[in-house]
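In: with the sequence up front, the predicted model follows.
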Amino acid sequence: MAAPPADAAPEPTLRVDGLKVGFGGSQTRLIAVEDISLHISPGRTLALVGESGSGKSVTSLAVIRLLAARGRIVSGRIALRDKAGAVRDLVELDEPALEAVRGNDLGMIFQEPMTSLNPVLTVGEQIAEPIRIHMGLSRRAAMQRAIEMLDRVGIPGAAERARQYPHEFSGGMRQRVTIAIALACDPVLLLADEPTTALDVTVQMQILNLLRSLQQQQGMAMLFVTHNFGVVAEIAHDVSVMYAGQIVEHGTVRQVLKTPRHPYTRGLLACVPQLGTASEHKKQATPLFSIPGMVPSLRDMPRGCRFAARCVHAEARCREATPALETTDTGNIARCIRWNEI
Ligand SMILES: Nc1ncnc2c1ncn2[C@@H]1O[C@H](COP(=O)(O)OP(=O)(O)OP(=O)(O)O)[C@@H](O)[C@H]1O
C-alpha cells in the first residue's frame, strides 16, 4: 500500500458525529446536547468551553459512555481509533467492551481527585491495577511501572510515595496521581473535565504544564472541558464553544480568541478580566462585563437561535430557525446567521 503523503493530516483519534443526548424516559425525555460533531487528532487538545449548564460535561461523559443512569445517547457516532489503529464506534459497545477501553485506550481525569481515588488503597496499588488488567503485567512489574509513572508525573521519592495513601498527598499531588493512573496504559485519548478548577492558581499552572509535556511525550489526543478561557489559551490547540447544548463556534484557539465570530463567544471573552481591569473597574465603580440573562432551561428551549434572547444583535429572523454552523471569513465555524454583519 502506498504511504500517505508526509503532510497528510493524521487520522483523528476521536471523531464524534451528530451526537444527541437526552435524560429521562422516551415520553419525558429532555434533550441536553444535540448536533455535536468534533474530531481530535493525535497530539492535539480540543477544549470544550461554555457557561455552566451549556452541555460540556454531558458531551464528554457521553464520549466515555459514563452518562448518569437516566442519560441516553439518542443518536450519533463516537469513533475511537485504538492503539492498534482499529476504529470502533463506542456507541455500539456493551459494558464489558467499554470496560476494556476505559483506563486503557481512554484515560480520564476529573475536577476532584479525591473522588476518583480509593482512600483505602495505596496510590501505587491504584496505578498498578489498570496496568495489570490491561497490559497483563505481573504484580511486581506493574508496581515497577506504577513507580515510574509517579516519577513521570513529577512526584519526588516515587518508590516511597507509592506506598502511601491518597490522604497523605496535597490536592495538586493527588491530581498528579490521577494523571499517573489515567496515563498508565498509554491511552490514545485523555478526557480531562475541569482538572485544575479545584486547585489554586500556581498549582493549576503546574498541572497544565505537566499535561502539556506528557502529551508531547506520549502523543495522545486530549478532550479538555473548562469554563475558563485562560486555561484554554494555555492548554488547547482547538476550541469548541458550547451554548445551551449546541456547539456555537469552533476553530483553532488563535482564531477563536483573536477573531471570535459568534456573539456568545465575544460575550464570554468580554467577561474575562484583563490584568489590572478589576481595580480599574473598582475605581470607576463599574462592574466587569457579564452576559445578561441565563442559559435557557432544557424544558423551555427557544425556537431558532438559542442565544437570541441574550444577544444584542438578534433580529426577528434569528428566532425563526436554528442557524447552521457556517465557515466564516477567518476560518472559524459559527452558528450565527449575522456573523458577517456584526
Ligand atoms: N443527570 C442529569 N439528569 C438530568 N439533566 C441533566 C443531568 N446531567 C446534566 N443535565 C442537564 O444537561 C445540561 C448540560 O449539563 P452539563 O453538566 O453538561 O453542563 P456543563 O456545561 O458541563 O456545566 P458545568 O460547568 O456546570 O458542569 C444541563 O441543563 C443539565 O441540567
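Out: Perfect, thanks for sending it. Please read these numbers as outputs of a predicted model, since none were measured by experiment. Numbering: from 1, shown residues only.
In: and the stretch 101-250 of the chain, which residues reach the ligand?
Out: H227 (Cβ under 6 Å from any ligand atom). Every residue, glycine included, has its C-beta placed from N, CA and C.
In: so where's the stretch 101-250 of the chain shaky on pLDDT?
Out: For the stretch 101-250 of the chain, applying pLDDT under 70 flags no range at all.
In: helices of that one, residue ranges please.
Out: 113-116, 123-135, 139-152, 158-161, 171-183, 201-218, 229-235 (DSSP state H, counting those that start in this stretch).
In: contact partners for the residue nearest to L211 when sequence neighbours are not counted?
Out: Excluding its sequence neighbours, the residue lying closest to L211 (Cβ to Cβ, 6 or more residues apart in numbering) is I235, at 6.5 Å. Applying Cβ atoms under 8 Å, 6 or more residues apart in numbering to I235 gives the contacts T45, A47, L208, L211, R212, M222, F224.
In: which one of the residues you listed sits in the busiest neighbourhood?
Out: Comparing the contacts of I235 by number of neighbours (other Cβ atoms under 10 Å), F224 comes first, having 29 neighbours.
In: partner residues bridging that residue?
Out: Beta-bridge partners recorded for F224 (DSSP bridges): A47, A192.
In: that one and T45 touch, don't they?
Out: Yes: the pair F224 / T45 is scored as a contact, 5.4 Å apart, by Cβ atoms under 8 Å.
In: and P296, helix, strand or coil?
Out: Put simply, P296 is coil when judged by DSSP: H, G, I helix; E, B strand; the rest coil.
In: neighbours of it, just the number please.
Out: P296 has 18 nearby residues by other Cβ under 10 Å.
In: any chance you could map the strands in the chain?
Out: Secondary structure of the chain (DSSP state E): strands at 14-23, 30-40, 45-49, 71-81, 87-89, 106-109, 189-193, 221-226, 238-243, 246-252, 326-327, 333-334.
In: give me the domain ranges for this structure.
Out: 14-236, 244-272+303-341 (the TED database).
In: can I get these in JSON lines with distance to S290?
Out: Below are the domains of the chain laid out as JSON lines (distance: least, Cβ to Cβ, whole Å):
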{"stretch": "domain 14-236", "distance to S290": "10"}
{"stretch": "domain 244-272+303-341", "distance to S290": "6"}
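In: done for today, thanks.
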